[in-house]
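Chemist: Predicted model follows, preceded by the sequence.
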Amino acid sequence: MPRKPENPPDTAARAAARPLLAWYDRHARVLPWRARKGERADPYAVWLSEIMLQQTTVATVGPYFTRFLARWPDVHALAAAPQEEVMKEWAGLGYYSRARNLHACAKAVSSDHGGKFPQDVEGLSKLPGIGPYTAAAIAAIAFGEPATVVDGNVERVVARLFALRTPLPQVKPDIRAKAATLTPERRAGDFAQAMMDLGATVCTPKNPACNRCPLEHLCEAKAEGIAALLPARAPKKERPVRRGACFWLTRGDQVWLRRRPDKGLLGGMMEVPGSPWDMRAAEGAEPGLDHAPLDADWTRVPGSVEHSFTHFHLVLDVYTAATRRKVVPGGGEWVSLDRLAGEALPTVMRKVAAHAMPDAGPLFAKR
């Protein structure tokens, strides 16, 4: 017969902070943006890391964070940087509206707040690109405010701790309400990071290491033998497929690129010219040469490029051609192939470049 937790849920909520913080003091992850024990957190580093970590893994963010901090060591430096340079450094990190909002937020903090971030959730929430989660994370981690921080890792820990069976995303309000009962008045930032670390290293999506968890004795899901099944998730809808074509046009050792509009998907990033990404094309019609930037001897590269976005899957045909023209209709610029890797090319366009130039692998080696 499954044993019951040592404390009922309301008492368990109050009892969670002490063992979790003791565990965190021994097992906290060493991360480039995290203050060492006894040091005060840098609000700029906390903000920068939290924006980068949205929808992105810690392993991916690490090198980007280090480069950003080395190039723009404070919010004034980032605010003074050209947006184009910020987008170049962000290239490959995805969700590019974050980069535009990052730059806008830096400008606002630099000009309107004297370079100092507001310390409370309300003030932080008024800044570009800072939503409820990010505001709570900065307030708690950088300033010690008792704000409730709920990311994907914390959702998993709380759903299991209270055995919340309603599937995601419907259960999110319940998770947040339960998480709020756990947040202590003191060491709120350490508690938030401890919850994140617990979810990332112990209370993992598959095969949670319950025997190493400091909250095992409080966990209702563990007591009921259902920890690995939570949080439940509603069935995912199949992503629609869209198709399009890209046109890799070269002139000697240069390729023609253009900048996407600031608003919309991949806004402000560079791209290989192409057709619209038309969902109807996936139903049978193959994108052709109607959207080629100019008349040329276009050759279709065998195979295709595939890339998944949040709401759809994209399939691109790639055509190549050479020209001697200095100006190409539709706007854009010639970019030397040897500096292609430094351009603000999103991942899907790096895939296009690699498909058009199979021998160009070293150009896109991880920076």
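Modeler: Sure, I can see it.

Chemist: can you count the residues close to Lys126?
Modeler: Lys126: 11 surrounding residues under other Cβ atoms under 10 Å. Every C-beta, even on glycine, is put in place using the N, C-alpha and C of the backbone.

Chemist: swap that for Gly94, sorry
Modeler: Applying other Cβ under 10 Å, we find 18 residues neighbouring Gly94.

Chemist: Give me the phi and psi for it.
Modeler: When read as degrees, to the nearest 10, the backbone of Gly94 gives phi 80, psi 170.

Chemist: Quick check: it touching Pro346?
Modeler: Yes - here Gly94 reaches Pro346: they are 7.3 Å apart, a contact under Cβ atoms under 8 Å.

Chemist: Tell me, how many residues neighbour Ala177?
Modeler: For Ala177, using other Cβ under 10 Å, the count is 12.

Chemist: residues of the strand or helix carrying Lys88 that come out buried?
Modeler: Using DSSP states H and E, Lys88 sits within helix 83-90. The neighbour-count check on helix 83-90 (16 or more other Cβ atoms under 10 Å) flags 83, 86-90 as buried.

Chemist: for the record, mean pLDDT for the helix or strand following that helix?
Modeler: Next along the chain after helix 83-90, taking DSSP H and E as the criterion, comes helix 97-112. On average, the pLDDT along helix 97-112 is 96.

Chemist: do stretch 263-281 as well
Modeler: 85.

Chemist: same deal with stretch 26-41?
Modeler: 92.

Chemist: go on, stretch 228-246?
Modeler: Mean predicted lDDT for stretch 228-246 stands at 92.

Chemist: In CSV, list the C-alpha atoms belonging to it.
Modeler: Provided in CSV are the C-alpha atoms of stretch 228-246 (Å, rounded to 0.1, in the frame of the first residue of the first chain):
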residue,chain,number,x,y,z
ALA,A,228,7.0,9.8,-13.7
LEU,A,229,3.5,10.3,-15.2
LEU,A,230,3.2,14.0,-14.2
PRO,A,231,2.7,16.6,-15.4
ALA,A,232,0.2,15.1,-17.8
ARG,A,233,0.0,16.7,-21.2
ALA,A,234,-2.9,17.1,-23.6
PRO,A,235,-2.3,15.4,-27.0
LYS,A,236,-0.3,17.7,-29.3
LYS,A,237,-1.9,18.9,-32.5
GLU,A,238,-0.1,17.9,-35.6
ARG,A,239,1.8,20.8,-37.1
PRO,A,240,0.7,22.0,-40.5
VAL,A,241,3.3,21.8,-43.2
ARG,A,242,4.3,24.8,-45.4
ARG,A,243,6.4,24.8,-48.4
GLY,A,244,8.5,27.5,-50.1
ALA,A,245,11.6,28.0,-52.3
CYS,A,246,14.9,29.8,-51.6
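
Chemist: any idea how far Leu102 is from Thr183?
Modeler: According to Cβ to Cβ, to the nearest Å, Leu102 and Thr183 sit 27 Å apart.

Chemist: what does Asp295 give?
Modeler: 64 Å.

Chemist: Comparing the two, which shows the higher neighbour count?
Modeler: Thr183 (21 against 9).

Chemist: Poorly predicted segments of the stretch 1-150 of the chain, please.
Modeler: 1-14 (pLDDT under 70).

Chemist: now the helices for it?
Modeler: 9-15, 17-27, 43-53, 58-71, 75-80, 83-90, 97-112, 121-125, 132-143 (DSSP state H, counting those that start in this stretch).

Chemist: likewise the stretch 151-300 of the chain?
Modeler: Using DSSP H, counting those that start in this stretch, helices in the stretch 151-300 of the chain cover 152-161, 172-182, 188-201, 220-224.

Chemist: So which of these has the densest surroundings on average?
Modeler: Across those, the average number of neighbours (mean count of other Cβ atoms under 10 Å) peaks for helix 152-161, which reaches a mean of 24.

Chemist: now the angle from that one to helix 132-143?
Modeler: Interaxial angle, helix 152-161 versus helix 132-143 (axes from the mean of the first three to the mean of the last three Cα atoms, to 10 degrees): 100 degrees.

Chemist: Adjust the sequence numbering to begin at 643 for everything that follows.
Modeler: Noted, 643 is the first residue going forward, which turns the last one into helix 794-803.

Chemist: Could I get the CA-only coordinates of helix 794-803 as CSV?
Modeler: Listed next in CSV are the C-alpha coordinates belonging to helix 794-803 (Å, rounded to 0.1, in the frame of the first residue of the first chain):
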residue,chain,number,x,y,z
GLY,A,794,9.0,24.5,-17.1
ASN,A,795,11.2,22.8,-14.5
VAL,A,796,9.2,24.3,-11.6
GLU,A,797,6.0,23.3,-13.2
ARG,A,798,7.1,19.7,-13.2
VAL,A,799,8.3,19.8,-9.6
VAL,A,800,5.1,21.4,-8.3
ALA,A,801,2.8,19.2,-10.4
ARG,A,802,4.5,16.1,-8.8
LEU,A,803,4.7,17.6,-5.3
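
Chemist: ok, back up a step: quick one: the helices of the stretch 643-792 of the chain as CSV, columns for distance to Asp980 too.
Modeler: Formatted as CSV, those follow (distance: least, Cβ to Cβ, whole Å):
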stretch, distance to Asp980
helix 651-657, 58
helix 659-669, 45
helix 685-695, 28
helix 700-713, 20
helix 717-722, 28
helix 725-732, 15
helix 739-754, 24
helix 763-767, 42
helix 774-785, 38
